[in-house]
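>>> Take a look and give me a structure for this.
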Amino acid sequence: MICYDILPSRCGDLLVAIDEHGLLHVDFVAGLRALPDMSGWQQDKTALAPFLAQFEAYFAGRLQRFTLPLAPRGTAFQQAVWQALCDIPYGETRSYSDIARAIGKPNAVRAVGAANGRNPLSIIIPCHRVIGQNGSLTGYAGGLPIKQALLTLEGISG
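Numbering: from 1, shown residues only. Predicted coordinates for the structure are as follows:
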């Protein structure tokens, strides 16, 4: 059973979904990426309460590292990229090249970008902390204004 709720945030409404293993999806409702098929999902504010509390603390500036059970689904390569993204400290950024080197595949910059774009756990797996080699903001499933807002929240000017 997949349970979900919609969390209003300072960056827009978030679709947050869990199953018995942990957090499956965090997507901006008004983002650029299509939302997952929610048929068969059940809205359950009670089940999502501990997850939503951490998001609220993050957006209030009181939480820098989430401690939620995660259950993102992806290939081994995607999982490696997502783990490397989780290693980017709060308030810091990395380039796609940095992530490719961190996973031991320095020539896989485009593949890293593709895996970054398929991140099912926006904010939790901090793909918003990945920027262009020249320091420019690059694509983000929630849209560049949301990416900039998240970076600003974390004290990163861009």
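
>>> Could I get the contacting residues of Leu85?
By Cβ atoms under 8 Å, 6 or more residues apart in numbering, the contact set of Leu85 is Ile99, Asn116, Asn119, Ile125, Pro126, Cys127, Arg129, Val130. The way it works is simple: take the backbone N, C-alpha and C, and place the C-beta from them, glycine included.

>>> Confirm that it sits in a helix.
Yes - checked against DSSP: H, G, I helix; E, B strand; the rest coil, Leu85 lies within a helix.

>>> Need the per-residue pLDDT for it.
Leu85 is assigned 97 on the pLDDT scale.

>>> same check, this time on the one 5 residues further on
For Tyr90, the model assigns a pLDDT of 96.

>>> surely it meets Arg65?
Yes - taking Cβ atoms under 8 Å as the definition, Tyr90 is a contact partner of Arg65 at 6.5 Å.

>>> how far out from the middle of the chain is the strand or helix carrying Ala114?
Ala114 is part of helix 109-117, with elements assigned from DSSP states H and E. Chain-centre distance of helix 109-117: 14 Å, with Cα atoms, centre = their mean, to the nearest Å.

>>> Just list what it packs against, helices and strands only.
Applying 3 or more Cβ pairs under 8 Å, 6 or more residues apart in numbering; DSSP states H and E, we find helix 109-117 packed against helix 76-86, helix 96-102.

>>> go again using 10 Å as the cut-off
Applying 3 or more Cβ pairs under 10 Å, 6 or more residues apart in numbering; DSSP states H and E, one finds that helix 109-117 contacts helix 76-86, helix 96-102, strand 130-131.

>>> Select, out of those, the one closest to Gly12.
For Gly12, the closest of the helices and strands packed on helix 109-117 is strand 130-131, at 19.6 Å, according to Cβ to Cβ.

>>> contact partners of the helix or strand just after that closest one?
Moving toward the C-terminus from strand 130-131, the next helix or strand (DSSP H and E) is helix 144-153. With contact meaning Cβ atoms under 10 Å, 6 or more residues apart in numbering, helix 144-153 is reached by 9-12, 28, 30-32, 58-61, 90-91, 93, 122-123, 126-131, 137-143, 156-158.

>>> among the residues you listed, which ones are buried?
Among the contacts of helix 144-153, the ones that count as buried by 16 or more other Cβ atoms under 10 Å are 9, 11-12, 28, 31, 58-59, 93, 122-123, 126-131, 137-138, 140-143, 156.
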